[in-house]
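S.K.: Kindly return the folded structure for what I paste below:
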Amino acid sequence: MAKQTREQKSKVLSKIYLALLFAAGIALAFSFQAAKKNKAVNIDQMLDNSLVTALTSNGIEQKDVLEQFAREKKEKSVIYNEYYKKIKLPGNKKSENFEPILKTLARNFKLELSKTTYKKGSFKYVFLDKKRIYSTVVLVERD
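M.R.: The predicted structure is shown next:
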C-alpha cells in the first residue's frame, strides 16, 4: 500500500513538474516576442555605443568632445533617446576620414545618414529613419 502511495505521489509530482516546465516555456516564448518588439527601441543605445567605439578607435578622445547630451523622446508608446555630439577634430584628422565610418554604421543599423555642410569646415551628420532621429554628430575642424 505504501508503495502505491509513493508511486501516486511520484506521478503527481511529475505532472506538476511538467506543468511548471510548460509554463516556463510559454513565459520564455512571450519574453522573446516582447524583446523582438522592443528591438527598435534599443537601436538608439546600440548606435550610440557603436558610434563612440568608432570615434575613439579613430583617435577621438574625451577632450575633443565639445558638447554631448541625450534627449528622451516619446512617440506613442515608444520611448527612445536622441543623442547629440559636437566634436572638435584633432589637428591630424579631417572630417572626410570619418564619413565612410559613419556611412558604414548607418548601413549596419539600416538607417539613413544625412549630411549638412556648414561654413568654416563644420559638418553635421544625422542618423535617422522614416520615424525618428537617433543621433546627430557635428564634426568641427580645427582652425
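S.K.: Enumerate every residue touching the closest residue to Ile101 other than its chain neighbours.
M.R.: Nearest residue to Ile101, sequence neighbours excluded (CB to CB, 6 or more residues apart in numbering): Ala54, at 5.1 Å. Just so you know, the C-beta spots here come from the backbone N, C-alpha and C atoms, and that holds for glycine as well. Contact analysis of Ala54 by CB atoms under 8 Å, 6 or more residues apart in numbering lists 101-102, 105.
S.K.: out of everything not next to it in sequence, what's closest to the residue most central in space within the chain?
M.R.: Central residue of the chain (CA atoms, centre = their mean): Met46, 2.2 Å from the mean position. Among residues not flanking Met46 along the chain, Phe109 sits closest, at 7.2 Å (CB to CB, 6+ apart).
S.K.: Now do the domain split for this structure, please.
M.R.: 1-37, 40-140 (automatic domain parsing).
S.K.: who's in contact with Gln45?
M.R.: Contacts of Gln45 (CB under 8 Å, 6+ apart): Asn81.
S.K.: just the CA coordinates of the helix or strand in which it is found, formatted as CSV?
M.R.: In this assignment (DSSP states H and E), Gln45 forms part of helix 39-57. Extracted in CSV, the C-alpha atoms of helix 39-57 (Å, rounded to 0.1, in the frame of the first residue of the first chain):
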residue,chain,number,x,y,z
LYS,A,39,14.3,45.9,-30.7
ALA,A,40,13.6,49.2,-32.4
VAL,A,41,13.9,51.0,-29.1
ASN,A,42,17.4,49.6,-28.4
ILE,A,43,18.7,50.9,-31.8
ASP,A,44,19.4,54.3,-30.2
GLN,A,45,21.6,52.9,-27.4
MET,A,46,23.4,50.4,-29.7
LEU,A,47,24.0,53.0,-32.3
ASP,A,48,25.5,55.4,-29.7
ASN,A,49,27.7,52.7,-28.3
SER,A,50,28.9,51.8,-31.8
LEU,A,51,29.4,55.4,-32.6
VAL,A,52,31.5,56.1,-29.5
THR,A,53,33.6,53.0,-30.3
ALA,A,54,34.2,54.0,-33.9
LEU,A,55,35.2,57.6,-32.8
THR,A,56,37.5,56.5,-30.1
SER,A,57,39.2,53.9,-32.3
